[in-house]
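Visitor: missing the sequence, but the structure's below:
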Ligand SMILES: O=P(O)(O)OC[C@H]1O[C@](O)(CO)[C@@H](O)[C@@H]1O
C-alpha cells in the first residue's frame, strides 16, 4: 500500500488525476473504474482541464462505475448516472457507449447485478479502480456487514450513509434506501486501486481502515490485502495514522 500525503484537497485531486491520466496514456483503451461522492469531483475537474489542454484523450477509454441508487432514473440529478455525466462524461471526448453505470431503474435486482458483474468480466476487468471512502468505511456502497459481499449486489443503505448523503437531497426521506454496488470481490479484482480521501472528518476511519484489523465491519480494510493500492490523502485525513 502506497500512501501519498498532499497538503490539501487541490493537491490530492491533481495527484489522483495524474495517476489516472498516466493509466490512460499507457493504455488508451483501458477500463477505468469510477466513483462518485464529493471527494473525486476535483479529480474529474483536473482531468477535464488536461483534456481541454490536449494532454489526455478519452476516445478509447471504457468506464464502469461502482454503484447507483436503486429506483432513481438517469435524469434524476441525484443519480450517479447524472453525476458522472455532469462531472466527467459530458466534458471530455469519451464515447457514451463506452461508459457504464448500474441501472438503478431495473427492478429485478438479481438480474441487473448479474448483468453488471458479467459486463465487467467481459470488458477484461478493471485496470484501475478509483474509490472514495465513506465515514463508516464503506467503499462503493459496501456497508459494514458481517461478511464481505463478493459480487455486484443490492444493498440496504445504513442510517449513517443516509444521514451523510441527505445533504444532496431535499430531506433524509428522499434518500433512496437501497443501491446496486460492485461487491468487495469485484473491487478487489481490479488490477490497481486508487483511493482518494480528504478532511479531518475522515481521519478516524482512515486510521481504522488502513492500520486496524481487516474486517467486514470496516469494508475498506480489505484493501490492505490488495497488491496494488495507492491512497492519495490530504494531511488532515492522515492526521491520525500511526507514524
Ligand atoms: O466523497 P464523499 O462524498 O465523502 O463520499 C464518500 C463515499 O460515499 C459515497 O458517496 C456513497 O455514500 C461513495 O460513493 C463515496 O465513496
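Guide: Thanks, I have the structure now. Keep in mind it's a predicted model, so treat the numbers as computed, not measured.

Visitor: for the spatially most central residue of the chain, phi and psi?
Guide: Against the mean C-alpha coordinate of the chain, by C-alpha atoms, centre = their mean, the closest residue is residue 35 at 2.6 Å. The phi/psi pair for residue 35 (degrees, to the nearest 10) reads phi -130, psi 160.

Visitor: so who does it touch?
Guide: By C-beta atoms under 8 Å, 6 or more residues apart in numbering, the contact set of residue 35 is 65-66, 129-132, 140. Every C-beta, even on glycine, is put in place using the N, C-alpha and C of the backbone.

Visitor: confirm for me that residue 239 is in contact with residue 200.
Guide: Yes: look at residue 239 against residue 200 with C-beta atoms under 8 Å: they come within range, at 6.5 Å.

Visitor: comparing those two, which shows the higher neighbour count?
Guide: Regarding residue 239 and residue 200, a neighbour count based on other C-beta atoms under 10 Å identifies residue 239 as having more, with 17 against 12.

Visitor: look at that one and give its secondary structure.
Guide: coil (DSSP: H, G, I helix; E, B strand; the rest coil).

Visitor: with residue 194 instead?
Guide: Counting by three-state DSSP, the backbone at residue 194 sits in strand.

Visitor: contacts only, for it.
Guide: Counting by C-beta under 8 Å, 6+ apart, residue 194 touches 16, 19-20, 128-131, 229-230, 232.

Visitor: for stretch 208-215, what is the average pLDDT?
Guide: When pLDDT is averaged over stretch 208-215, the result is 98.

Visitor: list the buried residues in it.
Guide: 208-210, 215 (16 or more other C-beta atoms under 10 Å).

Visitor: now, which of these lie within helices?
Guide: Those of those mapping onto helices are 208-210, per DSSP state H.

Visitor: give me the contact list for the worst-scoring helix or strand of the chain on mean pLDDT.
Guide: Sorting the helices and strands of the chain by mean pLDDT, DSSP states H and E puts helix 159-165 at the bottom, at a mean of 91. Outside helix 159-165, the residues within contact range by C-beta under 8 Å, 6+ apart are 134-136, 138, 141, 143, 157, 172, 175, 177.

Visitor: same check on stretch 84-94?
Guide: Residues from elsewhere that reach stretch 84-94 (C-beta under 8 Å, 6+ apart): 34, 36, 40-41, 44-45, 47-48, 51, 57-59, 61, 63, 65, 77, 96, 99, 101.

Visitor: after the lengthiest helix in the chain, which helix or strand is next?
Guide: With residue count as the measure and DSSP H as the assignment, the chain has helix 9-26 as its longest helix. Taking DSSP states H and E as the definition, the helix or strand that follows helix 9-26 towards the C-terminus is strand 31-34.

Visitor: sheet partners, orientation included, of that next one?
Guide: Neighbouring strands of strand 31-34 in its sheet, by DSSP bridges, are strand 62-65 (parallel), strand 128-131 (parallel).

Visitor: how about the strands in this protein?
Guide: 2-6, 31-34, 62-65, 67-69, 99-100, 128-131, 153-156, 178-181, 192-197, 229-234 (DSSP state E).

Visitor: in TSV: those strands, plus mean pLDDT and distance to the ligand.
Guide: Formatted as TSV, the strands of the chain follow (pLDDT from 0 to 100; distance: least, C-beta to the nearest ligand atom, whole Å):
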stretch	mean pLDDT	distance to the ligand
strand 2-6	98	16
strand 31-34	98	10
strand 62-65	98	9
strand 67-69	98	6
strand 99-100	98	16
strand 128-131	98	6
strand 153-156	96	11
strand 178-181	98	8
strand 192-197	98	8
strand 229-234	98	12
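
Visitor: between the ones you listed, which one is closest to residue 167.
Guide: Between residue 167 and these, the shortest gap by C-beta to C-beta is with strand 67-69, which sits at 14.7 Å.

Visitor: ok, now which ones touch residue 63?
Guide: Residues in contact with residue 63 (C-beta under 8 Å, 6+ apart) are 31-34, 84, 89, 94, 98-100.
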